[in-house]
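Colleague: Provided below for reference: sequence and predicted model.
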Amino acid sequence: MKLTRRRKIRAHHGLQVDTYRLVSHAVENGITSGWYRAHKHTDTPTTEFIKCEIESAIMNELSNVFIWPDQYSRE
């Protein structure tokens, strides 16, 4: 599934972040690593376990590039 909307966020000193590419890369990596993690110890994981591992891996990938609002209070 590809998103069609692309938006660049302008940062200080003229730098731009291609958020579409950043998020797309994180999601693709999360899907792949979640799939492999779900199959790490079994050849036949349940559908629910696969979904859970993929979701967790995607959120981990996104957390590598974004700071979520609740993380501010922990620092």
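Modeller: Looks like it arrived, so ask away.

Colleague: So N64 sits against V23, correct?
Modeller: No: in this structure, N64 is not within contact of V23 by C-beta atoms under 8 Å, at 11.6 Å. Every C-beta, even on glycine, is put in place using the N, C-alpha and C of the backbone.

Colleague: Could you check which of the two is surrounded by more residues?
Modeller: V23 (16 against 10; other C-beta atoms under 10 Å).

Colleague: For the more buried one, which non-adjacent residue is closest in space?
Modeller: Closest residue in space to V23, ignoring its immediate chain neighbours: L62 at 7.2 Å, by C-beta to C-beta, 6 or more residues apart in numbering.

Colleague: mind listing the helices in the protein by residue range?
Modeller: 19-38, 47-65, 69-72 (DSSP state H).

Colleague: how about the ones you listed, which one is nearest H13?
Modeller: helix 19-38 (17.9 Å; C-beta to C-beta).

Colleague: Counting neighbours, which bits of that closest one end up buried?
Modeller: V23, A26, V27, N29, G30, S33, G34, R37, A38 (16 or more other C-beta atoms under 10 Å).

Colleague: Looking at per-residue confidence, what score does the fifth one get?
Modeller: Spelled out, it's G30. Looking at G30, its pLDDT reads 97.

Colleague: so who does it touch?
Modeller: By C-beta atoms under 8 Å, 6 or more residues apart in numbering, G30 lies in contact with I54, A57, I58, M59, N60, E61, L62.
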